[in-house]
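Chemist: give the three-dimensional model of this entry:
(chains A, B, C and D)
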There are 2 protein chains.
Amino acid sequence: MRMSLRYAVLGLLARRPSTGYELTQTFDRSLRSSWHARHSQIYPELAKLEAAALVEVVGLGARRSKTYAVTAAGRAELRRWLVEVEPDRSQRSESGLRLFLTPLLDPDDRQATYERDLAHVELELAALGEVQAGMQNAPEPEAFAPQVELGIRMNTVLRDWLREQIKASAT
Amino acid sequence: MRMSLRYAVLGLLARRPSTGYELTQTFDRSLRSSWHARHSQIYPELAKLEAAALVEVVGLGARRSKTYAVTAAGRAELRRWLVEVEPDRSQRSESGLRLFLTPLLDPDDRQATYERDLAHVELELAALGEVQAGMQNAPEPEAFAPQVELGIRMNTVLRDWLREQIKASAT
DNA sequence: AGTACCATGTAAGCCGTTACATGATTCT
DNA sequence: AGAATCATGTAACGGCTTACATGGTACT
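Modeler: Here you go, the predicted model:
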């Protein structure tokens, strides 16, 4: 995963110029399913990207906020990473680890954890449904609709699998 | 994700007593889709777990290898974590980040990256199919079969989605 | 005037990766 | 005898989280 934060920031700015504060929120919202970063990581990274001329300040706003945008060099570097750098496929998911270990629990505990997970997945699906519904008039270019659709399908598979496990352990 | 490594090691030892070396391999194989750890992290963690009396050395083998097993206290602590500790649902997936940013690429580049991903998912599915096929006589208790099934379903959804994107961008 | 939220930054410490280091056993 | 693999450990470095710190703006 080395250096991914750099491209995450570059990528979000390529979607839309933003302040560091806005990026922090986007990490929490749109990107929370695959990457996460706190403001304490984002601000220093923006400074580094600016020093490397991959982004630039395009506006100063209220409360001494700075709006950044990618430069041409930044766009080229983002493209290079997406297309030419071999992806690191490794993942880190505590939820995945828990799911992997759940068969070690006795039936009552197992069912309880599956139900906790199911409740969470259903919330997730509801949230994704809203994103999808609010997408025509949203600031998002509609090009990202398939990505939302993928999230929905993934969570649906997980939801159905959890329901099966709960049903099976109820016998 | 704080402290997850501890429970990953505890959980793997609860499945079967192992040496540090074997754990390293298991992280690379069975667990690579959700967690990963190098031997340089595993050996110190085993020492800490032993100091906390959550695991113990149950045998010395060739090449001064040590086989560890969970203690009763270790099993209780693992159960506590799985059932009572609120899961950290955050994930870290460079692949997810790439997928999220791919719509920024122009059609040719986009198709190329989708095809690269598709090739990888198909390898993954083939590997999972083998795991599933070799599962009746394997040392794994069959209780873990549903987890393998979930992996297959997830990858199948991703495969089909990638195929759709490739078809759509071919027009 | 006080509270809530917007907005940016730095420092300490933990976690994980890469690299360094050593020795035992098996196979050819 | 040499190479490959098994097996365990430590050290340096970088990335990420938590906590500390500060100030601006809007609302009541």
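Chemist: where's whatever residue of chain A ends up closest to DNA strand D, which helix or strand?
Modeler: Closest residue of chain A to DNA strand D, CB to the nearest atom of the strand: A:Ser40 (3.2 Å). Glycine gets a C-beta too; all of them are placed from N, C-alpha and C. Secondary-structure assignment from DSSP states H and E places A:Ser40 in helix A:39-51.
Chemist: check A:Ala69 too.
Modeler: strand A:66-70.
Chemist: near DNA strand C at all, that strand?
Modeler: Yes - contact check for strand A:66-70 against DNA strand C, using CB under 7 Å from any atom of the strand: residues in range are A:Lys66.
Chemist: assign the spatially most central residue of chain A to helix, strand or coil.
Modeler: Centroid-nearest residue in chain A, with CA atoms, centre = their mean: A:Leu31, separated by 2.0 Å. Assigned by DSSP: H, G, I helix; E, B strand; the rest coil, the conformation of A:Leu31 is coil.
Chemist: measure it to A:Gln41 for me?
Modeler: According to CB to CB, to the nearest Å, A:Leu31 and A:Gln41 sit 13 Å apart.
Chemist: likewise for A:Trp161?
Modeler: According to CB to CB, A:Trp161 and A:Gln41 sit 34 Å apart.
Chemist: tell me which of those two has more neighbours.
Modeler: Between A:Trp161 and A:Gln41, A:Trp161 has the larger neighbour count (other CB atoms under 10 Å in any protein chain shown), namely 21 against 14.
Chemist: secondary structure element holding that one?
Modeler: Under the assignment here (DSSP H and E), A:Trp161 is part of helix A:145-169.
Chemist: okay, A:Val131: pLDDT?
Modeler: Here the pLDDT value assigned to A:Val131 is 89.
Chemist: again, but for A:Leu10
Modeler: 98.
Chemist: so what are the sheet partners of the strand holding A:Ala69 and their directions?
Modeler: Strand pairing for strand A:66-70, using DSSP bridges, gives strand A:18-19 (antiparallel), strand A:55-60 (antiparallel).
Chemist: pick the most buried one from these.
Modeler: Among the strands paired with strand A:66-70, strand A:18-19 has the highest mean neighbour count (mean count of other CB atoms under 10 Å in any protein chain shown), at a mean of 20.
Chemist: how about that strand, does it reach DNA strand C?
Modeler: Yes - using CB under 7 Å from any atom of the strand, strand A:18-19 comes into contact with DNA strand C via A:Thr19.
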